[in-house]
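predicted model, plus sequence, below.
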Amino acid sequence: MSYHYWKEYFESNQTHFGDIDWRMEDRLDAHEKKLIALSIQQFQRGESSEGKHLFAYAKTVPDPLYLECIRLFICEEQMHARVLAKFMNRYFIPCIKEHWVDGVFRKLRKLAGIENSIMILLIAEIISKVYYAALKKATGSVLLQKICSQVLKDEDQHINFQCHTLQIMFRQRSPVSRTLIRALYFMIMTGTIAVVWLYHKPVLKKGSHSLVSFHRAAMALYRSCEAIILNRRFDVSNVEILFP
């Protein structure tokens, strides 16, 4: 698999929300709006990055196609943000300009080059996949369910894309270096699970997760990604989102 594949994929997926009918009848009652508002605000903010630092780091990758893939990837993430904002606007849920959790992730991505940036991004996308699966189950809004379904399809490919790049980068590391970097990101992943549970517990619980099952689902995806990066398998699209 090469970056030609990913470039073609991202180009072919540019109409990924084209089948959503924004004129459809839909309902989000006051109780559910209160339940999801703060949570969806944070995730919409997380999807809305301009990706300037990621794009700058991508220029250091020798394969010139990678830079174009990253540009298309950023556009796809920004489309998620626009679609979520459109849904939020329909139900008078304001977008937020900043949140400290999102701020921490952005700072972590800026710390040390392209590999670190991609790994932090991968952790965020693993969490997103589990979160949107729970949100889809939690909501009675058919429109939001359709949005979640498409975001989940996109996240499968985003995760595979990031894993492909990290697989190439990990080959250049020594066994000791790989062990140390895996330990570091395992700790970041574990901490992220705890923070996301703290701030998004109402939605995750409504989506049938306990802290234990949320941790189990996120770590199952994380382990699958590690297997891809270490060149043991390639595809997370069939990894089940675990519910109790």
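On my side now, so go ahead. Numbers count the residues shown, from 1 in each chain.

poorly predicted segments of the protein, please.
Applying pLDDT under 70 to the chain flags residues 1, 99-112, 232-244.

what about the helices in it?
Here the chain has its helices, by DSSP state H, at 3-12, 30-47, 52-58, 64-90, 100-109, 113-138, 142-171, 175-206, 211-229.

now do the buried residues in the longest one.
Same thing as helix 175-206. Using 16 or more other C-beta atoms under 10 Å as the test for burial, helix 175-206 gives 181-182, 185, 189, 192-193, 196-197, 200, 203-206. To be clear about C-beta, it is placed using only N, CA and C from the backbone, and glycine gets the same treatment.

now the residues you listed as TSV including distance to R27?
Shown next, in TSV, are these (distance: C-beta to C-beta, whole Å):
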residue	distance to R27
I181	47
R182	45
Y185	41
M189	36
T192	33
I193	32
V196	27
W197	28
H200	22
V203	18
L204	22
K205	22
K206	16
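
out of the helices of the chain, nearest to D21?
Nearest to D21, of all these, is helix 142-171, at 8.4 Å by C-beta to C-beta.

so for the closest one, what gets flagged as buried?
Neighbour-count burial for helix 142-171 [16+ other C-beta under 10 Å]: 143-144, 146-148, 150-152, 154-170.

so what does that helix touch, helix or strand wise?
Packing partners of helix 142-171 (3 or more C-beta pairs under 8 Å, 6 or more residues apart in numbering; DSSP states H and E): helix 3-12, helix 64-90, helix 113-138, helix 211-229.

run the angle between it and helix 30-47 for me.
Using axes from the mean of the first three to the mean of the last three C-alpha atoms, to 10 degrees, the inter-axis angle of helix 142-171 relative to helix 30-47 is 30 degrees.

quick one on the thing from earlier: for D19, which of the helices of the chain is the nearest?
Among these, helix 142-171 comes nearest to D19, with 8.1 Å by C-beta to C-beta.

now F186. Nearest residue, chain neighbours left out?
Excluding its sequence neighbours, the residue lying closest to F186 (C-beta to C-beta, 6 or more residues apart in numbering) is Y222, at 7.9 Å.

mind checking how far G51 is from C225?
Distance of G51 to C225, computed by C-beta to C-beta, to the nearest Å: 21 Å.

tally up the residues packed near the closest residue to K146 other than its chain neighbours, please.
Once flanking residues are discounted, K146 sits nearest to I20: 5.5 Å by C-beta to C-beta, 6+ apart. Around I20 there are 15 other residues, counting by other C-beta atoms under 10 Å.

having no further points to raise, I will conclude here.
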